[in-house]
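K.L.:
got a sequence here, can you build the structure:
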Amino acid sequence: EVLEVASIAGAPTQIRDVLDDVNRKIQTLSDRAQSLNLKRSYFQDLPDKTADALLAHIMDVERYNIMYAPYREDMKDCVRYFAVCKSNQVSVSPRDADQMLRDVRRLYCLAPFLFMLTDNTSGYSEGKPFAGSAPMVLRHNGLGQGRGGNVPPHVFTAKSGEEFIAAHIDHVMN
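P.N.:
Just a heads-up that it's a prediction; the model follows:
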């Protein structure tokens, strides 16, 4: 259902090289898909697919095995979110732990605006008509965690990058 393209890493001054790499890989993927009579989705979601159907066909890739199976029962909504909501992901390497904390806070604050600006959902979620953005609704409902936006408190209470890292490790592992 979903194929990924991973770019090379690069410094901000190498953005042209990174974009060229991504575009070359997307073109290769598109050419191969066309040769198989497949078509790329115009949407960030797969409007007719249910999370359960997608989760039944996870490829044997280490990252997916870690992320999706076996998952804890309290993480079911989170797993369903990632199954039905596709996205672009950007990894950023901070200079130090304090820079990372500032970046994480900035990204959490910008997330609702970025979702709104880049939303290309189909108007359907798991085969049913849906008004609004399924990813934003799932995030707002806390991905089953009972917190709007799924922002852990330590994101804004940590006094340093090191404190944030320790709190985040505890949050993820527990």
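
K.L.:
how about the helix or strand harbouring R16: buried residues?
P.N.:
R16 is part of helix 15-35, with elements assigned from DSSP states H and E. Within helix 15-35, the residues scored as buried using 16 or more other Cβ atoms under 10 Å are V18, D21. No exception for glycine: its C-beta is placed from N, CA and C like everyone else's.

K.L.:
mind checking what helix or strand follows that helix in sequence?
P.N.:
helix 51-55.

K.L.:
quick revisit: other residues contacting the helix holding R16?
P.N.:
Residues from elsewhere that reach helix 15-35 (Cβ atoms under 8 Å, 6 or more residues apart in numbering): L3, V5, A6, S7, I8, A9, G10, K39, R40.

K.L.:
7 Å - rerun?
P.N.:
L3, V5, S7, I8, G10, R40 (Cβ atoms under 7 Å, 6 or more residues apart in numbering).

K.L.:
which members of those are the farthest-apart pair?
P.N.:
G10 and R40 (24.9 Å; Cβ to Cβ).

K.L.:
worst-scoring helix or strand of this protein, pLDDT-wise?
P.N.:
helix 134-140 (a mean of 61; mean pLDDT, DSSP states H and E).

K.L.:
tell me which helix or strand comes right after that one.
P.N.:
With DSSP H and E, the next secondary element past helix 134-140 is helix 154-157.

K.L.:
and the next helix or strand past that next one?
P.N.:
Towards the C-terminus, the helix or strand next in line after helix 154-157, according to DSSP H and E, is helix 161-173.

K.L.:
helices or strands up against that next one?
P.N.:
helix 97-118, helix 154-157 (3 or more Cβ pairs under 7 Å, 6 or more residues apart in numbering; DSSP states H and E).

K.L.:
tell me the helices and strands packed up against the last one.
P.N.:
It stands for helix 154-157. helix 97-118, helix 161-173.

K.L.:
could those helices go into CSV alongside mean pLDDT?
P.N.:
Listed next are these as CSV, based on pLDDT from 0 to 100:
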stretch, mean pLDDT
helix 97-118, 86
helix 161-173, 92
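
K.L.:
any idea how far the most far-flung residue of the chain relative to its centre is from I66?
P.N.:
Distance from the C-alpha centroid of the chain, by Cα atoms, centre = their mean, peaks at S35 (28.5 Å). Separation of S35 from I66 (Cβ to Cβ, to the nearest Å) stands at 32 Å.

K.L.:
ok, now D103?
P.N.:
The value you get for D103 to I66, if Cβ to Cβ is used, is 24 Å.

K.L.:
more neighbours: which of those two?
P.N.:
D103 (15 against 9; other Cβ atoms under 10 Å).

K.L.:
so who does M67 touch?
P.N.:
So, once contact is read as Cβ under 7 Å, 6+ apart, M67 ends up touching F82.
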